[in-house]
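A.B. asks: Here is my input, please return the structure:
(chains A, B and C)
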Amino acid sequence: MASYPYLFLIPLLPLLSAAFYGVFGLKVHRRFGEKAVHWPAVLLPWGSFLVSAIGLVTLASLHGEHAALHQSVWSWIHIGALQVDLAFLMDPLSAVMAVVVSLVGSLIHVYSIGYMKGDRSYWRYFSYLNLFMFSMLVLVLADNFLFMFVGWEGVGLCSYLLIAFWYTDREKAAAGMKAFVVNRVGDYGFTVGLLVLFWGLLGVVGATSLNFHEVQQLVNAPGMADRLVQVGLPTAVCLLFFLGATGKSAQIPLYVWLPDAMAGPTPVSALIHAATMVTAGVYMVARVHFLFALSPTAMTVVAVVGALTALFAATIGLFQHDIKKVLAYSTVSQLGFMFMAVGVGAWWVGIFHLVTHAFFKACLFLGSGSVILGCHHEQDMRRLGGLGKLMPWTAASYLLSCFAIAGFPLFSGFFSKDEILWQTFDSATLLVPGTLLWGIGAVAALCTSFYMFRSYYLTFSGTYRGGAAQQQGTGEEAGHKMAAAKASGPDASPLGHPGQGHGHTLPRESPKNMTIVLAVLAFFAVVAGFVGLPHLWHLPNLFEHWLAPVFEAASQGLANAGYGAGVEWTLMAISVVIALAGFFLARWLYRDERNPIPRRLLEQGSPFIRGLHRVVYNKYYVDEAYQVAFVDRATGLASMLAWFDDHVVDGLVNLAGAIGRFFGRIQGAIDLYFVDGLVNLLARTFLVVGKQFRTIQTGRVQSYVYGVMAGSGLLIVILLLVV
Amino acid sequence: MTITVTHYLLISALLLGFGLYCVLTRRSAVAVLMGIELILNAANVNLVAFSRFTVGDIDGQLFALFGILLAAAEAAVALAIVLAVYRSISSVDVDDTSSMKG
Amino acid sequence: MDFPQYATTSHLLTWIIFTPLIGVGLILLSLAIKPIFGWSKVVTDTIARGTGLAATAVVFLLAIVLGVGYADQPGELAFVHHFVWIRQFHIEYFVGVDGLNVALILLTALIGLVAMVASLPWGGRIEEGDHPHFSKRRVPGYMALFLILETGILGTFCALDFFLFYVFWELMLLPMYFLIGVWGAPTRVEGPGWIRGGPYAAIKFFLYTLVGSVLMLLAMIMLYYASGPAVLADGTVSEHTFNILYLAQMGQAGHFASAAPILGMAFSKVIFVGLFIGFAIKVPMFPLHTWLPDAHVDAPTPISVILAGLLLKTGGYGILRFNFQILPDAAHWAAIAVAILGAISIVYAAFVCMAQTDLKKLIAYSSVSHMGFVLLGAASFTDLGMNGAMFVMIAHGIISPMLFLIAGVIYDRAHTRDINSFGGLAVKLPEYAGITGLAFMASLGLPGLAGFVGEIMVFLGAYGATQTIFKVIVGVSAFALVITASYYLWAIHRMFLGQFNQKWSGLWDMNWRERFALYPLAVLTVVLGFYPMPVLDLFRNTLGSMAASIAALNLPGL
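C.D. replies: Predicted coordinates:
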């Protein structure tokens, strides 16, 4: 491993800006305006990209199986067996991640300048966004599990902060809270997985570490793999880690937070909830692929969960009206595809799809953001439409990205998704047949193609259905309005988005910095696939080759079903047909308002269809079920325990106090009437006796002398009697 | 008849008896004082007698001397008190000086 | 047995311990000469505040000297001051610094200073009412008691003679009683037979901890009479000993394990239970924790800070120092029970937190939850677990004062701590919202902040304990990760987010006094999150060898 002293700069640069604006942002914003905020906040992530790119190039010039750049900043926790450093590792995998994250992230920073213009908390937005960049880059560049966990939770925190960015709206704030808490459930799995791994290794191998490369070496040591499998360690660890991944990457059963996360500003949805953060689970599974490779059970679970999520989310996406909700469910669905890939052991394909998805999904989200901004924060597709002419750049980039995600030939999504489906079909490692998963994936792909083009046609073709009549959309508008309404002092002056408050003006194309970003992302969405061409075409697959040093060793142990080229060609053809079918169906149904079928189906269709629609539209009522099953239970338990604590545990204490006081009273009474009574009795006795005796005190000396004489006589008598 | 200690003791007892009688019956403080002097002298006689009839030392005589001396001093002080009492209540009757009874 | 001699090497520690008492003397002197010079109340108040600040600042500086000096020799006994105090009973004045207490001494000096800053009234628009702000009532008395309290805590951590320890231990109680009772909240009736308030809380605190003290005293005396002959500071042989290091030496050699049983029960187990209850009350551990919420809710802010930041640590410290060091065999016997109680504290208190509506009560219960980690980690007898327990104490000692200061900030302004009555405060108090967020995140164990380092070490250590049941215990208690996040986020949600509640439009953001108290702690939280080694270095040798020596006893478990 080559030492590379600049790796720390990659996360540090955004952190500097985040910290600075976190502390001084409000003052800078008030005194110097938005430019002073966004110039450094945007440039520093570009610096990260630059360093990442240089790192990538440096890495490319290295040879050998373990080509990686490494930098240890300082020792973090060195206690006993636990030796972790704040150290960065850039191997081919993390290099790809770092470059994609910093590139997409920086582009979205640029986009945000336009999108967030005029927001009262402009400084806070950029501070959070930079903090997110820091966390995400730590996540992908960390060289051990624990440091990775810093990034892992850091992105969760930023996600929370940014979802709840317009916090005066309780619903948005609650969405942020939901995201964090659900992620924490996943983190529970991750943490326990760490513990099992750490001590399991120590128990079986006799040495332990939390460093990725060291763990890999320990696992790959001769003969160790079998012994680890014998005690079931890989399965346990991988399933626990996967629980973490389902939280972060929104898979069944922890996907529920992601659709709600759309409450955040749209660039945030693009960056965090589509392109980067949600892919962290995929990255993590790829990172510990060498463990997954040892456990067919865990791999099966990953692949099956991925496939089911892909289909499940895709069906929900079919009927959503909110453009961002469609994209959210499509993200969940696409993440499912990625997990299918890493589940069947095609790790490079998973990462490949991650990269292409980052571009086209970011582009889609930013396109929707552009629409939302142009249409005065209207997100309901029923009130959009006809925007193709009004917003040509947005429409074009959105369409290109739709082609990409639907998997039209030669678009980036085609290469990655097709490869996933093929690898799934061909897999023989799993406990379930790969063909079954392929079938699920193919249906999900059909849905994907359909709902993406549905969203395109509803939004961009036909005629504009928004305007004065249907005023006051839901969604982000409220947040922005509130932000503007509560603005006071120096913030108040030039704010407000173009057209804000004039609901009847026609939508306009977004400012240049936004459309340029859209164009760049659309370009990548189209061409990014060419780095990973299929074997079938006998052209070099750069991406697989690049990641080979990371995954090669583990993938050699996996079995293929061994289908031939003919099958692969067939599958590819089916993929294309699926993409086209979805496209034409959506085009037929939603191109303009002329086709009444969708409405008629809903209004006059059979009760079964309407019921099905209602269930799917309401996301299968999973949120409600979770609310009853977990949230209500937990809060109920909490109040019960609080009552228990107040009345039983503390009640016992107070009871002890009361008993003490009771006995105190009794003893007080005893003391007063008995003990003290005795004392008084004695005193009174002496008083009475004294009163009697004082009468013999006559004062007559002579009577005293009589007394003396009588006494003497008595004494003499006694003396005589005794002696 | 030889004079033995018994005779002395008899004399002394008589003196004590007279003295006591005087102290108990007289009402005048001066007379009471006189009785006390008799009692003291009875004691002195005892002392001297025992001293004379025991072998060796003269401790008894010495004590008797002290006793005489003491009696003189006592008489002086007592007479002064009687005088003071007389000045304050114009009487030397011991029954009248009972204002300090309990 | 061969006893090493601990000769006096430095008087620094004595100065640190008694500097606050010098301050007390000055404050009393100023009151004595007040009539002579005809000073007004303002003059003596100012003198008292100045003296208090100066004394805590001097202690802090001296502690830094101590820490720097100790950093060269981690794990060793240093800064010893040792002489015979009461020869008849072999009681000595013996203070010294080793790995167990050095970090806690530094923490005490820091938190003492922070709490003192929080006791000053300047810079704040603090409204006067029927019940004036505590910082303006009977100032000399407050300051004097505060300083006595600091001496008590410092002495407790420094003492290496059991009797001396007990003296300081009791010295902590009394000032606390008055500080809560007199300067705390006034008595209020919350329902029939439900009387709460400062006096109630003070009495509860005092009696509750006194019960523990009594058990501890009995255990101490029994331990004394069971101890073998040792030597005093001047080299003379003593029949028994109070010297903690000698007691530990004897205990680790099995002296107390083989002592004559009491009423048919093993000697060391009886002593262990006696001491443990005494310390567990202070920690506090479920089910002995209920004094804590009351004491916290009704104590003035700086006293809550000291209570949570320092007093709870004396319990954890005592368990490590006495129960585990002197009675390793009994500790081994009780390990699982201690760990289970710790785990119950963690999860149970976290759930109780969720149902709280009083901000201070929530924070108080979260303290119970976090101190559970100390028990869990310490009972694991692994290197990681014990170091983790100590680090949790340090981290909690920094984070919980922040939380209580935060609760104080809002209470000073709004005169309520009812979480549900707030809403949207972030609009009006952005800085306050930010620092609250940081503190909450640190407390819920966000990686990169101080709380996480300790928690993960405890989890890692406890999971690796030799008894298998620890794995289940850790699995259960790790679930607190989720609950903790829930209640903190829900508290943030109810207080800061949502529509701004116009009722609070009169509030204002933090002032400089509050910043001076909070920001150093905030910075430390972040620094220790990423760079905990300097602190870990202070004690890791000591605790590591302690864990190893207990593990090496190889005794049967429960």
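
A.B. asks: Next SSE downstream of the worst-scoring helix or strand of chain A on mean pLDDT?
C.D. replies: Ranking every helix and strand in chain A by mean pLDDT, DSSP states H and E puts helix A:476-486 at the bottom, with a mean of 43. Note on helix A:476-486: by DSSP states H and E, the next helix or strand toward the C-terminus is helix A:512-527.

A.B. asks: Check which residues of that following helix are buried.
C.D. replies: A:513-515, A:517-522, A:524-526 (16 or more other Cβ atoms under 10 Å in any protein chain shown). C-beta: built from backbone N, CA, C; applies to glycine.

A.B. asks: Then stretch A:640-654?
C.D. replies: For stretch A:640-654, using 16+ other Cβ under 10 Å, the buried residues are A:641-642, A:645-646, A:649-650, A:653-654.

A.B. asks: got it, and stretch A:388-407?
C.D. replies: Buried-residue list, stretch A:388-407, by 16+ other Cβ under 10 Å: A:388, A:390-391, A:393-407.

A.B. asks: Could you list which of these belong to helices?
C.D. replies: A:388, A:390, A:393-406 (DSSP state H).

A.B. asks: quick one, what contacts the closest residue to chain B within the stretch 201-350 of chain C?
C.D. replies: In the stretch 201-350 of chain C, the residue that lies nearest chain B is residue C:203 (52.8 Å; Cβ to the nearest Cβ). Each residue near residue C:203 by Cβ atoms under 8 Å, 6 or more residues apart in numbering or on different chains is listed here: C:177, C:181.

A.B. asks: Can you tell me the SS state at it?
C.D. replies: helix (DSSP: H, G, I helix; E, B strand; the rest coil).

A.B. asks: again with the one 3 residues further on
C.D. replies: Local secondary structure at residue C:206 is given as helix here, using three-state DSSP.

A.B. asks: ok, how many other residues are close to it?
C.D. replies: 20 (other Cβ atoms under 10 Å in any protein chain shown).

A.B. asks: Closest residue of the stretch 151-300 of chain C to chain B?
C.D. replies: Closest contact between the stretch 151-300 of chain C and chain B, by Cβ to the nearest Cβ, is at residue C:174 (52.1 Å).

A.B. asks: That residue: what's it in contact with?
C.D. replies: residue C:148.

A.B. asks: which regions of the chain sit below the pLDDT cut-off?
C.D. replies: No chain in the question, so chain A it is. By pLDDT under 70, the weakly predicted segments of chain A are A:1, A:63-66, A:467-505, A:593-594, A:605, A:699.

A.B. asks: oops, chain C please
C.D. replies: C:122-131, C:554-558.

A.B. asks: and the lengthiest strand in it, what does it pack onto?
C.D. replies: Ranked by number of residues, the top strand in chain C under DSSP state E is strand C:78-86. Counting contacts by 3 or more Cβ pairs under 8 Å, 6 or more residues apart in numbering or on different chains; DSSP states H and E, strand C:78-86 is packed against helix C:12-32, helix C:41-71, strand C:91-97.

A.B. asks: run the last query once more with 7 Å
C.D. replies: helix C:12-32, strand C:91-97 (3 or more Cβ pairs under 7 Å, 6 or more residues apart in numbering or on different chains; DSSP states H and E).

A.B. asks: Can I get those in CSV including mean neighbour count and distance to residue C:383?
C.D. replies: Output for these, formatted as CSV (neighbours: other Cβ atoms under 10 Å in any protein chain shown; distance: least, Cβ to Cβ, whole Å):
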stretch, mean neighbour count, distance to residue C:383
helix C:12-32, 20, 28
strand C:91-97, 25, 21
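
A.B. asks: now residue A:285: how far from residue A:126?
C.D. replies: 31 Å (Cβ to Cβ, to the nearest Å).
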